[in-house]
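K.L.:
build the 3D model from these lines:
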Amino acid sequence: MRILTRYILRQYLTTVLFALIALCILFVLVDLFDRLDRFLDHKTPYEVVIRFYLSYLPQIIELITPIAIMLSGLFSIGRLSNQNEITAMRAGGVSTTKLLAPVLAVGICLSLLQVYFNGWVVPYASRSKIELERRYLGNDSGHNVLTDLFFRESPTCNITIGRYDIDTRQGNAVTIEEFTSAQLPRISSQWQIATIAWDSASTSWIGRGVTRRWFESDTVRITAIDQMRIPFTTQHYEIMRLQESTDEMTFTELDEHIETLRKGGKRTRVLEIDLAGQWAFPFINVIVILLTAPFAAVRRRGGVAVNITLAMVVSISYIAFAKISQAVGATTSAPVWLVGWSSNIIFGCIGLVVLYRFRK
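P.N.:
Numbering: from 1, shown residues only. As a prediction, this is how the structure comes out:
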């Protein structure tokens, strides 16, 4: 690795680390002052407060990483420009592409790492944070009881559960309706089950107090069974996931959750767009570098203040466009991936144009 590359990377990475630490501390202090009354009212032990913010830290890092990268690009590259080091590098034959290549490489690596971090590390930490919040800062009564659940096992089979207890893994007032076909639905049989219980050993449901009715022409046959295995393929963990916030789900779990909801006949386009947007979000790091580093590398009147203002305008525009495009995309028939990635595509193209103009 060339000395110049190491020098630029050292300047940039040091600033990134400092910005992350400073922003995390600032975020925690502001949030602590906001929650202080609740901590005191519930007499929360100080060790629980520490555990709460340790669990909250990954979510904070997820939110502030693009901001830290933006500020680091402005200050580290801006410092090189203000001290005429970029001018000296160009005079020494270093092209602008080579000048910014190390910073772009860092942005790409951070984006790839953040995909895993946002998609799997943050949800696990969020579960711990939410559980602490429910236990020590609020009322969690009834949290593990779900009511009025509806599933579509297949196009010809619907299932409803009146009440399901997550802890005991038991459901009450279960009805299974089977139809002749999806095109011309006519009920062929109906199960009414007093209680169902999840059997972990056989990964199946055990029904008690089962009454089954067959509808044939103008007759109805009825069979009563005390206990039997129920043909219900939706598993306990899929039902359990219904009581979780999407913030508590990894990318794979959220994808499975969407499939469960889709199988139940619910519209899932908004969730699908949100998931696509979550995959796209980490790559804002690269876009931020493309947009801010060329600005910072050119000396302007007003110095860093002008660069920060430009960067903030770009950042706010990105966030606004992302929210608007997702809301509008949910009402259209555009491909989900295109809606979720539209902000990255458009602002990425703008960043490439800015980089090209800076190179010239």
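
K.L.:
mind saving the C-alpha coords of stretch 79-93 as PDB?
P.N.:
Once non-C-alpha atoms are left out, stretch 79-93 reads as follows in PDB (Å, rounded to 0.1, in the frame of the first residue of the first chain):
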ATOM      1  CA  ARG A  79      -8.700  19.600   6.000                       C
ATOM      2  CA  LEU A  80      -6.500  18.200   3.200                       C
ATOM      3  CA  SER A  81      -7.900  20.900   0.800                       C
ATOM      4  CA  ASN A  82      -7.600  23.800   3.300                       C
ATOM      5  CA  GLN A  83      -3.900  22.900   3.900                       C
ATOM      6  CA  ASN A  84      -3.300  22.700   0.200                       C
ATOM      7  CA  GLU A  85      -2.300  19.000   0.400                       C
ATOM      8  CA  ILE A  86      -4.700  18.100  -2.400                       C
ATOM      9  CA  THR A  87      -3.100  20.700  -4.600                       C
ATOM     10  CA  ALA A  88       0.300  19.200  -3.800                       C
ATOM     11  CA  MET A  89      -0.900  15.700  -4.500                       C
ATOM     12  CA  ARG A  90      -2.300  16.800  -7.900                       C
ATOM     13  CA  ALA A  91       1.000  18.600  -8.600                       C
ATOM     14  CA  GLY A  92       2.800  15.300  -7.900                       C
ATOM     15  CA  GLY A  93       0.800  13.600 -10.600                       C
END
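
K.L.:
so which bits of it are buried?
P.N.:
With burial defined by 16 or more other Cβ atoms under 10 Å, the residues of stretch 79-93 counted as buried are 80-81, 85-86, 89. Placement of C-beta: from N, CA and C, glycine included.

K.L.:
mean confidence score for it?
P.N.:
When pLDDT is averaged over stretch 79-93, the result is 80.

K.L.:
T87 sits in which helix or strand?
P.N.:
T87 is located in helix 85-91, with elements delineated by DSSP states H and E.

K.L.:
which residues touch that helix?
P.N.:
By Cβ atoms under 8 Å, 6 or more residues apart in numbering, the list of residues contacting helix 85-91 from outside reads 4, 77, 80, 96, 99, 297.

K.L.:
repeat for stretch 309-320
P.N.:
Under the criterion Cβ under 8 Å, 6+ apart, residues 66-67, 70, 74, 284, 287-288, 291-292, 295, 343, 347 lie in contact with stretch 309-320.

K.L.:
go again with 10 Å.
P.N.:
Applying Cβ atoms under 10 Å, 6 or more residues apart in numbering, the contact partners of stretch 309-320 are 66-67, 70-71, 73-74, 284, 287-288, 291-292, 295-296, 300, 302, 343-344, 346-347, 350-351, 354.

K.L.:
can I get the buried part of those residues as one PyMOL selection?
P.N.:
One line in PyMOL is enough to select the buried ones among these; burial here means 16+ other Cβ under 10 Å:
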select buried, resi 66+67+70+71+73+74+284+287+288+291+292+295+296+343+344+346+347+350+351+354
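
K.L.:
which of the contacts of stretch 309-320 fall in helices?
P.N.:
The subset of these located in helices under the criterion DSSP state H comprises 66-67, 70-71, 284, 287-288, 291-292, 295-296, 343-344, 346-347, 350-351, 354.

K.L.:
any idea which element the closest residue to L132 other than its chain neighbours lies in?
P.N.:
Of all residues not flanking L132 in the chain, F52 sits nearest, at 4.9 Å (Cβ to Cβ, 6 or more residues apart in numbering). In the assignment (DSSP H and E), F52 maps to helix 46-72.

K.L.:
I'd say A22 and L71 touch.
P.N.:
Yes - counting by Cβ atoms under 10 Å, A22 does reach L71; the two are 9.1 Å apart.
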